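[1] let me see the structure of the following:
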Amino acid sequence: QRDWARASFKERAAVMAGAARALESMRADVVETMIRETGGIRAKAEQEVSKALDELRCAAGLADQPYGQLLPHEDPAVLSMARRVPVGVVGVIAPWNAPLMLAVRSVAPALVLGNAVLLKPDVKTSLSGGVVLARAFEAAGQPGGLLHVLPGGPETGEAVVRSPHTSVISFTGSSATGRRVGELAGGLLKRVVLELGGNNALIVLDDADLDAAVNNAAWGSLIHQGQICMATGRHLVHERIAEEYVARLTAHADSLVMGDPRRPEVRVGPLIDARQAARV
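    Prediction:
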């Protein structure tokens, strides 16, 4: 990591650009892997790969940004400055619902700014959330030893947080687990970045275009079978249109084809596992 931190910003940016090219070249295989591993439909997998490519290209642009600032000093003859330096090792704990996108958005910025990364994808999506990224960076010529993929469950995640080698933890997942990560990291005086779940409301007023509202509502509630942190969990509808809204939303939901997400006509695939099905 220290050698990587001393590398030219052009070298680090070139690795990000190379990883984007490698991922693009693997796109068809990655999409198929993600469909099989997550149960998401093809459109969702395609969009996720596109978003991951955006993250890699944006990360490449971070490398040549200013990394310091001049600070005021009481003595004009004194030059006082601050400089940002890599933290060392960043622990990234990524979820299963959008495994590639939600891993790369933490992994790529950490790497391009000179850090090493320990990535713990969810064990249910260790390929599309971990191995795919490792292969892309390997193909891009990134020096070895900078990105480690360690799939596992809660015990593995806790070990990543507790490790004396991780200086920053980036966690994406449930609020309950996020509280635990924040508790552990706080006790160890580690910096932590949390992106957690929510209970999100769609508000529909009585002058709304009901067809547009229902289309957006169904998308918000049912994209990836509702397994998204921003999923529409509540529909707050004006009482004057509530009955018609429910009827139209029900009809729209009934029209959606459920089944094997590899079939092009399917719009709703399976949930990730039995535990998630019981929770829903």
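[2] which stretches of the stretch 1-150 of the chain form strands?
    Counting by DSSP state E, counting those that start in this stretch, the stretch 1-150 of the chain forms strands over residues 68-71, 80-83, 89-93, 116-120, 147-149, given from the N-terminal end onward.
[3] will you turn those into CSV that also has mean pLDDT and mean neighbour count?
    Any C-beta I mention is one placed from the backbone N, CA and C, and that applies to glycine too. As requested, the strands of the stretch 1-150 of the chain are arranged in CSV below (pLDDT from 0 to 100; neighbours: other CB atoms under 10 Å):
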stretch, mean pLDDT, mean neighbour count
strand 68-71, 95, 10
strand 80-83, 96, 9
strand 89-93, 98, 26
strand 116-120, 98, 24
strand 147-149, 98, 19
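[4] in CSV, list these along with distance to residue 45.
    Putting these into CSV (distance: least, CB to CB, whole Å) gives the following:
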stretch, distance to residue 45
strand 68-71, 40
strand 80-83, 41
strand 89-93, 21
strand 116-120, 20
strand 147-149, 20
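[5] I would like the residues contacting the longest helix along the chain, please.
    With residue count as the measure and DSSP state H as the assignment, the chain has helix 42-62 as its longest helix. By CB atoms under 8 Å, 6 or more residues apart in numbering, the list of residues contacting helix 42-62 from outside reads 13-14, 16-17, 19-20, 23-24, 27, 30-31, 34-35, 38, 40, 98, 100-101, 104-105, 108-109, 111-113, 136, 223-224, 261-262, 264.
[6] on that earlier part again, residue 254: which of the strands of the stretch 1-150 of the chain is closest?
    Judged by CB to CB, the one of the strands of the stretch 1-150 of the chain that comes nearest to residue 254 is strand 89-93, at 37.9 Å.
[7] just checking: what are the partner strands of the closest one?
    strand 116-120 (parallel), strand 168-172 (parallel) (DSSP bridges).
[8] of all these, which lies closest to residue 231?
    Taking these one by one with CB to CB, strand 168-172 is closest: 14.6 Å.
[9] how far off centre is that closest one?
    Average the C-alpha atoms of strand 168-172, do the same for its chain, and the two points are 11 Å apart (CA atoms, centre = their mean, to the nearest Å).
[10] just to revisit the earlier point, of all the residues in the longest helix of the chain, which ones are buried?
    42, 44-49, 52-53, 55-56, 59-60, 62 (16 or more other CB atoms under 10 Å).
[11] likewise for stretch 4-18?
    Within stretch 4-18, the residues that count as buried by 16+ other CB under 10 Å are 4, 9, 12-18.
[12] what does stretch 180-196 give?
    180-182, 184-185, 190, 192, 194, 196.
[13] neighbouring contacts of it?
    87, 93, 102, 106, 157-158, 161-162, 166-175, 178, 229.
[14] now do the same contact list for residue 38.
    When contacts are counted by CB under 8 Å, 6+ apart, residue 38 is found next to 45, 96-97, 99, 124-125, 128, 224, 272.
[15] tell me the confidence at residue 199?
    At residue 199 the predicted local distance difference test score is 84.
[16] list phi and psi for it.
    Here the main-chain torsion angles of residue 199 (degrees, to the nearest 10) amount to phi -130, psi 90.
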